[in-house]
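Undergrad: Pasting a predicted model and its sequence here:
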Amino acid sequence: MNRRALLGGLGTLGTTGLSGCVRFPAPSWSDDAPPANVVSLDAQDTVPDQYDVDIDVEVVHSEFTDDSPAVIRVTTTNVGGPLKVSIGTGYCSVFNRQRGGSDDPPGLWLHRPDSHGSERADGRWVADLPPDEPRGFADVGCTIQDYEEGQSVSSTYEVWDDYRKRGYLVPGTYRWEETVRVSDTTSDTDSVPESFEWGFSLRLQK
């Protein structure tokens, strides 16, 4: 059993309940198959109630066109008193840098519009790089962020194909997971952050 998928069960999926291991339809590719051109939200986890945090995924632009990729937005909201949460903005946003790739299965990559720094290959939404080209990321340390009561933080991502995986925008369901840390800022002493696994999945269709 995939331990990360099991930990994700701390919250029930927004559209699908968990029963045992989570298994998504495996994308199947062929070199001459047409790519998917529409993305939709397949499911998202519900944050356990004790953390007073809500994380929501919204599909902002669902179609891949010549001029625009599919776009999603992830919004984190404090629904309780003052908190510290490990999700920030910029380089410290959720699913950023080396965490941008889909986990199950690999094949898609989330790029912040102002940070991917890659030229497109032949007008497609994939970096113009050879598959063996390693990725590099800024060496930035991210501290846990203060959230006031009711505060929200949003990050927008373009959905690109992962140039290191075979196939291009292969139809199927792709899941991302992330460890989120939360700490109560009202404590008299520095509290040790608690953590939970949270994730969501996108479906690519023709």
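TA: Cool, the structure landed. Residues are numbered from 1 along each chain as shown.
Undergrad: Would you quantify the distance from residue 84 to residue 134?
TA: According to Cβ to Cβ, to the nearest Å, residue 84 and residue 134 sit 33 Å apart. (Each C-beta comes from the backbone N, C-alpha and C, glycine too.)
Undergrad: Looking at the two, which is more packed in?
TA: Legend: neighbour count by other Cβ atoms under 10 Å for residue 84 and residue 134, higher for residue 84 (19 against 6).
Undergrad: Run through the neighbouring helices and strands of the helix or strand hosting that one.
TA: Using DSSP states H and E, residue 84 sits within strand 83-85. If contacts are counted by 3 or more Cβ pairs under 8 Å, 6 or more residues apart in numbering; DSSP states H and E, strand 83-85 sits against strand 145-147, strand 172-184.
Undergrad: which one of these is the most hemmed in?
TA: Compared across the helices and strands packed on strand 83-85, strand 172-184 shows the largest average neighbour count, a mean of 20 (mean count of other Cβ atoms under 10 Å).
Undergrad: Could you give the average pLDDT over that one?
TA: Mean per-residue pLDDT for strand 172-184: 96.
Undergrad: Same check on stretch 61-80?
TA: On average, stretch 61-80 scores 97.
Undergrad: Buried residues, it. List them.
TA: 61, 64, 69-72, 74-80 (16 or more other Cβ atoms under 10 Å).
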